[in-house]
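>>> Predicted model follows, preceded by the sequence.
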Amino acid sequence: MTSSPGESEDDSVRSVSDTMSNRNIRVAVVGNVDAGKSTLIGTLTTTVLDDGRGKSRSFITRLIHEIETGRTSSVSSHLLGFKSNGSTVANEHEGSAATTANCRIKQKTEHEIAQEADRAVILMDLAGHKKYLETTIRGVSMGMADYALILVNSRQPPTHMTRHHLNLCCVFGIPTIVVLTKVDGCPSHAKRNTKLEMSNMLRSPEIGKRPYVVRNERDVDTVKDKLHTLAPFVEVSSVTGEGLDVLRNLLFSLPKRRHHQKKIGRPFEFLVENIFNVPGVGPVVSGFVNAGKLDIGDIVYIGPLDDGSFVKTTTKSAHVARINVSHITAGQDATIALSLNKEQRKILRNGMVVVAKDEATSTVTFEAEICIMRGEGATIRENYCTMVHILNIKQAARIVAIEVIHAGSNSTMTSVATFDGAGIENEDETILRAGSIAKVRFQFQKRPEHVRKGMRMLFRDGQVRGVGVVTGTVHCLDK
């Protein structure tokens, strides 16, 4: 929200804090490696069209190897601000926005966008290449996305990675919007075939969505509240600007789906996603405030460590959208500076949590109700080892017990002859296959983690094998 001349600095900070918690949505941007995800995000956030040679992408790309190869390999977030009338908070640029070769822009910083915006959209740029699928899964798992943009190159049919990303968003219950990119100069028959194949993919029993082409503001009003059944199609070009206004209007009109403000009354819980050591400041952790409220100077606990314990510390400062704030609340992306000595800094890692004293618990074993995904053959039995994703947690785990709730059509639950390590035959081993639903007990293989009832989980071995919800923890360690 733009501050008035008489508005104090504290009022401006409160306005930014409110915008970044109550008037923002988080959108995951996924798609195959050549779909133009980073280019589209760069074009949306800078309002400058691409030159067809990666100009828009260069505005948001940070890593050198990403600039050189054109492939995103990390998870990054970018702020798109809207004013109350739906217009974007634009960068200052010299020349026409339609001119790409000679246009020079002065990019607005994140805190400038947050101060001027009445509504914010956080666009999460995720990797599209198969070798970075693990990074994409982790980004979707911890991203708390309200919606997802599935980008598809209109000049070629959807790939197997497009299907992986679509299934990934569906298993996390994220409504999807299909964006057909590079429509400028695309042959009509190629675009028609791409739309047909994508429509068939959406109508499949696993997805169950009805495609709906969005061409104008009237179509936006039709679909914005019906994304649980509809999958909007938007055709765009980052070079000519075709369809970008429709896409911006759709992003501005989407209602907030995750209401984290309802969790302010809960104990404080901060999910650590990245760790930095800032000269003159010390250790700084960035992540997402999942619940509660924290004031600067409060005593908190960070962990768990390898033995399941937590380290007591004090918060020195906090930033939201790079603005120094006196407190942070549920629903915000934030960074926190902690008071830790040199030895304590060494034990920090991604996947930790910063919590209040009463929530400083960890567990090695947890129970979850899971569903095995349909697709390539998978045989799940006791002692099956897999990689588990629970919000910001990623760790190998082993299945130690299985209780079948519903047997899939291809499942075999009894009278399976297997042999243990001593060569002794075990007759009635439980085996889960595609479509099975079961209560399963998992055991982390490396260290305890902070897990609680109700967290959504996913497990994979190369590709996603199953999803579920944590139903309880066992042998919880209170530190």
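Received the coordinates, thanks.
>>> tell me, how many neighbours does the residue nearest to Val353 when sequence neighbours are not counted end up with?
The spatial neighbour of Val353 that comes closest, neighbours along the chain excluded (C-beta to C-beta, 6 or more residues apart in numbering), is His450 at 4.5 Å. The way it works is simple: take the backbone N, C-alpha and C, and place the C-beta from them, glycine included. Number of residues near His450 (other C-beta atoms under 10 Å) recorded here: 27.
>>> In the stretch 251-400 of the chain, where is pLDDT below threshold?
For the stretch 251-400 of the chain, the stretches flagged by pLDDT under 70 are 375-378.
>>> mind redoing it with 80?
Within the stretch 251-400 of the chain, the stretches with pLDDT under 80 are 358, 374-379.
>>> now the strands: where do they sit in it?
Along the stretch 251-400 of the chain, counting by DSSP state E, counting those that start in this stretch, strands occupy 269-278, 282-291, 293-295, 299-303, 311-320, 323-325, 327-329, 333-338, 353-355, 361-362, 365-372, 380-381, 385-390, 393-406.
>>> among the ones you listed, which is nearest Gln344?
Counting by C-beta to C-beta, Gln344 lies closest to strand 311-320 out of the strands of the stretch 251-400 of the chain; the figure is 5.6 Å.
>>> Report the buried residues of the closest one.
311-313, 315-316, 318-320 (16 or more other C-beta atoms under 10 Å).
>>> Mind giving me the packing neighbours of that strand?
Contacts defined by 3 or more C-beta pairs under 8 Å, 6 or more residues apart in numbering; DSSP states H and E place strand 311-320 against helix 9-22, strand 293-295, strand 299-303, strand 323-325, strand 327-329, strand 333-338.
>>> Would you map the helices across the stretch 1-150 of the chain?
9-22, 37-46, 55-60, 64-69, 110-116, 133-142 (DSSP state H, counting those that start in this stretch).
>>> Any chance you could list what contacts the third one?
Meaning helix 55-60. Applying C-beta atoms under 8 Å, 6 or more residues apart in numbering, the contact partners of helix 55-60 are 38-43, 45-46, 48-50, 67, 70, 76, 78, 100, 105, 107, 125, 238.
>>> circling back: out of the strands of the stretch 251-400 of the chain, which is closest to Val121?
Here strand 333-338 is closest among those (C-beta to C-beta), at 12.6 Å.
>>> Mind naming the longest helix for the chain?
When the chain is scanned for its longest helix (criterion: DSSP state H), the result is helix 188-203.
>>> From the contact counts, what lies against it?
strand 147-153, helix 160-171, strand 176-181, strand 210-213, strand 230-235.
>>> quick one: it to chain centroid distance?
26 Å (C-alpha atoms, centre = their mean, to the nearest Å).
>>> Let me see the mean pLDDT of stretch 403-416.
The average of the pLDDT scores along stretch 403-416 is 63.
>>> same question, stretch 185-203
Mean predicted confidence for stretch 185-203 is 95.
>>> Would you indicate which residues of that stretch are buried?
In terms of neighbour count (16+ other C-beta under 10 Å), stretch 185-203 has its buried residues at 186, 191, 194-195, 198-199, 201-202.
>>> just how off-centre is it within its chain?
Mean-position distance between stretch 185-203 and its chain equals 27 Å (C-alpha atoms, centre = their mean).
>>> So what touches it?
152-158, 162-163, 166, 178, 180, 183, 207, 209-211, 231, 233, 235.
>>> Only whichever of those residues are buried, select them in ChimeraX.
Buried residues among those (16+ other C-beta under 10 Å), as a ChimeraX selection:
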select :152,153,154,155,156,157,158,162,163,166,178,180,183,207,209,211,231,233,235
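>>> thinking again about what came up before, can I assume the residue nearest to Val353 is in contact with Val364?
No - applying C-beta atoms under 8 Å, one finds His450 not in contact with Val364, separated by 11.6 Å.
>>> so Val354 makes contact with Val300?
Yes - counting by C-beta under 8 Å, Val354 does reach Val300; the two are 5.1 Å apart.
>>> These two: which has the busier surroundings?
Remark: of Val354 and Val300, Val354 carries more neighbours, 26 against 22, as counted by other C-beta under 10 Å.
>>> Skipping adjacent residues, who's closest to the more buried one in space?
Phe270 (4.0 Å).
>>> List the residues that contact Pro175.
Contacts of Pro175 (C-beta under 8 Å, 6+ apart): 146-148, 227-228, 257.
>>> Any quick ChimeraX command for the buried ones out of the contacts of helix 55-60?
Buried members of those can be picked out in ChimeraX with the line below, counting by 16+ other C-beta under 10 Å:
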select :38,39,40,41,42,43,45,46,48,49,50,76,78,100,105,125,238
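>>> Go ahead and flag the most central residue of this protein.
Gly143 (2.5 Å; C-alpha atoms, centre = their mean).
>>> unless I'm mixing things up, Asp306 is touching Arg447, no?
Yes - in this structure, Asp306 is within contact of Arg447 by C-beta under 8 Å, at 4.8 Å.
>>> higher neighbour count, these two?
Arg447 (15 against 11).
>>> So that one versus Val220, what's the distance?
Arg447 sits 47 Å away from Val220, taking C-beta to C-beta, to the nearest Å as the criterion.
>>> Any chance of TSV for the strands of the stretch 251-400 of the chain, columns distance to Cys170?
Converted to TSV, the strands of the stretch 251-400 of the chain look like this (distance: least, C-beta to C-beta, whole Å):
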stretch	distance to Cys170
strand 269-278	23
strand 282-291	22
strand 293-295	33
strand 299-303	33
strand 311-320	31
strand 323-325	35
strand 327-329	30
strand 333-338	24
strand 353-355	27
strand 361-362	31
strand 365-372	12
strand 380-381	20
strand 385-390	15
strand 393-406	19
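>>> Deepest in the core, which of those strands is it.
With neighbours taken as mean count of other C-beta atoms under 10 Å, the strands of the stretch 251-400 of the chain reach their highest mean count in strand 353-355, at a mean of 27.
>>> tell me what that strand is packed against?
Applying 3+ C-beta pairs under 8 Å, 6+ apart, we find strand 353-355 packed against strand 269-278, strand 299-303.
>>> now those strands as JSON lines including distance to Lys394?
Listed next are the helices and strands packed on strand 353-355 as JSON lines, based on distance: least, C-beta to C-beta, whole Å:
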{"stretch": "strand 269-278", "distance to Lys394": "11"}
{"stretch": "strand 299-303", "distance to Lys394": "16"}
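>>> which stretch among those comes nearest Glu116?
strand 269-278 (26.1 Å).
>>> Please tell me how far that closest one is from the chain's geometric centre.
In terms of C-alpha atoms, centre = their mean, the centre of strand 269-278 is found 16 Å from the chain centre.
>>> Which strands or helices does that strand pack on?
Against strand 269-278 (3+ C-beta pairs under 8 Å, 6+ apart) you get strand 282-291, strand 333-338, strand 353-355.
>>> how many degrees apart are that strand and strand 311-320 in direction?
80 degrees (axes from the mean of the first three to the mean of the last three C-alpha atoms, to 10 degrees).
>>> List of residues touching strand 269-278?
With C-beta under 8 Å, 6+ apart, strand 269-278 has contacts from 142, 283-292, 294, 300, 302, 328, 334-337, 345, 348-356, 359, 391-392.
>>> Within the sheet, what are the partner strands of it, with directions?
strand 282-291 (antiparallel), strand 353-355 (antiparallel) (DSSP bridges).
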